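Asker: here's my sequence, what's the structure:
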Amino acid sequence: MEMAITIRPENESDYQAVENLTREAFWDLYQPGCVEHLLAHKLRKVQAFLAELDYVAERDHQIVGNIMYSKAKISDENGNAHEVITFGPLSVLPSHQKEGVGSALIHHTKKLAAEMGIRRS
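Answerer: Got it, this is the predicted structure:
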């Protein structure tokens, strides 16, 4: 029987575990090695980072997933810039992939974003 997933905000004491799981999740996935763990490390320090949407998923007191969001801008065909939020990296330990961890993180943070007044287009 699978243990339930607990979703909670990431805190500073989680940083190393999150970076390690991000490296494991992306290692050799798209190319030799990966850089996503470095992205997770650096993203927390930029102004566009949305700490209020930075969450981890735990199973049996082990962090098995993480989702991070940041602000971004996209331009339409007329060159008008529109503010949006993006998520990524979204990381799940390989041993817990295909078990709904990533989906649970997305659904939870999507709901929080709506409660924060961030609307869908």
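Asker: find the least confident helix or strand in this protein, judged by mean pLDDT.
Answerer: helix 36-43 (a mean of 79; mean pLDDT, DSSP states H and E).
Asker: so what touches the following helix or strand past it?
Answerer: Per DSSP states H and E, the first helix or strand lying C-terminal to helix 36-43 is strand 55-59. For strand 55-59, the surrounding residues in contact (CB atoms under 8 Å, 6 or more residues apart in numbering) are 2-10, 14, 18, 63-67, 92, 96, 101, 104-105, 108-109. Placement of C-beta: from N, CA and C, glycine included.
Asker: strand partners (parallel or antiparallel) of strand 55-59?
Answerer: Sheet pairing of strand 55-59 (DSSP bridges) gives strand 6-9 (antiparallel), strand 62-75 (antiparallel).
Asker: report the buried residues of the shortest one.
Answerer: Within strand 6-9, the residues that qualify as buried are Ile7, counting by 16 or more other CB atoms under 10 Å.
Asker: same question for stretch 110-121.
Answerer: For stretch 110-121, the neighbour count (16+ other CB under 10 Å) marks 112-113, 118 as buried.
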